[in-house]
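[1] Next comes the sequence, and after it the predicted model I'd like to discuss.
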Amino acid sequence: MRPLHDVRIIIAALVTTAAVVVGVLFFASDYFIDFATSLAMWIALSESWTLLSGMTGYVSLGHVVFFGLGGYLTVLTFGMLPIWAALALSGACATGLAVLVGFPCFRVRGPYFVILTFGLSEFVKYIVVNVEARASKFGRLIFGGPDPNEVFLIMVGLAVAAFFLSYFIRRSRLGAGLRGIREDEIAAETTGVPVARLKLIAFGLSALIPGIAGGAFLFRSGYFEPIQAFNPSISFSMITMAVIGGTDDAYGPLIGAVALVTLSELLWANAPEIYMTVLGLLLVVFVIWVPDGIEGRLRNWWKTQRA
């Protein structure tokens, strides 16, 4: 039954995505295309974050480093490589960085890992700032990149890829091993789970999509500035969306991204000064009172109705 169920999920997701893409491209205004692009990007980012933090319990506060690095590599290679090659290189380098720093980072756990990942993102950010300052570059403009419709399609592709990656990993042996690490890492290692290898794989996979998304976002904004590209609020938003939606299944970050992106549009239009405050309050409320997120509550309600 499980393969048939998975096929149904794939067909439903692809048909829904195709319908949304057609509707946006042919009937939506420029504003709504921009909104849909932003939504697709955040779905991709929040789904990617849960591949590591939601499944292993190692909470990363520095995932923005992969997003910013992707943007920086794309702006450096723009005009030298085809767009697809620049984005692929950005994703590959982000994955390589995750695997490289994973060796020292995974030697610590809990709050120490959180602080270490945040420090890593700040370290890379200021390396880029200093390199740009020495080159007398205080921001780089992009001219002649993909048009908004093409950027939208790239982001939708990333969102779909991140969703299916999250969905199928959770139902694989890799996912079972990662959940074992989250529940009790020492017990998992004792029973033969290759803990170190699985954590590195999860870290690398979780960095791939943000690296590509950072490059695609550059074409949307048309401007690269290190402080903005490596802004910690990007990591904070990923975490908030994943926690509010729920991290136990791929549907959770999808729900959280839709809710938070819609809320952000309303707040930025009416009260931008309280946006981050509201995000912080929502994160506290859900961590304390709704730890399984919206998706978890809906799943429990559905089970109750069917009982």
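    Arrived safely, thanks for sending.
[2] ok, and L14, which helix or strand is that part of?
    According to DSSP states H and E, L14 maps onto helix 2-27.
[3] Quick one: list the elements packing against that helix.
    helix 30-56, helix 148-170 (3 or more Cβ pairs under 8 Å, 6 or more residues apart in numbering; DSSP states H and E). In this view, the C-beta of every residue, glycine as well, is placed from N, C-alpha and C.
[4] V15: which of those is closest?
    helix 148-170 (11.8 Å; Cβ to Cβ).
[5] what's the distance between A133 and G222?
    21 Å (Cβ to Cβ, to the nearest Å).
[6] Give the helix, strand or coil label for the residue lying closest to G79 once chain neighbours are set aside.
    Spatial nearest neighbour of G79, excluding adjacent residues (Cβ to Cβ, 6 or more residues apart in numbering): G144 at 8.0 Å. Judged by DSSP: H, G, I helix; E, B strand; the rest coil, the three-state class of G144 is coil.
[7] okay, now G144: neighbour count?
    As a burial measure, G144 scores 8 neighbours (other Cβ atoms under 10 Å).
[8] Tell me where the stretch 51-200 of the chain is predicted with low confidence.
    Nowhere does the stretch 51-200 of the chain drop to pLDDT under 70.
[9] mind listing the helices for it?
    64-77, 83-105, 110-134, 148-170, 173-183, 185-190, 195-221 (DSSP state H, counting those that start in this stretch).
[10] if I pick V195, what's in contact with it?
    177, 181, 185, 188-189 (Cβ atoms under 8 Å, 6 or more residues apart in numbering).
[11] quick one: the closest residue to it other than its chain neighbours and L198, what's the gap?
    Excluding its sequence neighbours, the residue lying closest to V195 (Cβ to Cβ, 6+ apart) is E189, at 4.6 Å. Per Cβ to Cβ, E189 is found 10 Å from L198.
[12] So for these two, which sits in the more crowded spot?
    L198 (21 against 14).
[13] residues contacting the residue lying closest to the more buried one once chain neighbours are set aside?
    Take L198 and drop its neighbours on the chain: the residue closest to it by Cβ to Cβ, 6+ apart is G177, 4.8 Å away. Contact analysis of G177 by Cβ under 8 Å, 6+ apart lists 188, 193-195, 198.
[14] Ok, E295 next?
    E295 makes contacts with 245-246, 248-249, 251-252, 255, as judged by Cβ under 8 Å, 6+ apart.
[15] which one of the residues you listed is nearest Y112?
    D248 (24.7 Å).
[16] and the closest one, that one's in a strand?
    No. Assigned with three-state DSSP, D248 falls outside any strand and is coil.
[17] Just confirm it contacts G54, I think it does.
    Yes. Contact criterion Cβ atoms under 8 Å: D248 and G54 qualify, at 7.4 Å.
[18] So which of those two has more stuff around it?
    Legend: neighbour count by other Cβ under 10 Å for D248 and G54, higher for G54 (30 against 18).
[19] That one and L73: what is the separation?
    In terms of Cβ to Cβ, G54 sits 26 Å off from L73.
[20] T37 now?
    21 Å.
[21] now do L158
    Applying Cβ to Cβ to L158 and L73 gives a distance of 16 Å.
[22] Next: V287.
    Distance from V287 to L73, by Cβ to Cβ: 34 Å.
[23] So between the two, which is more surrounded?
    For V287 and L73, the more surrounded residue by other Cβ under 10 Å is L73, and the numbers stand at 23 against 14.
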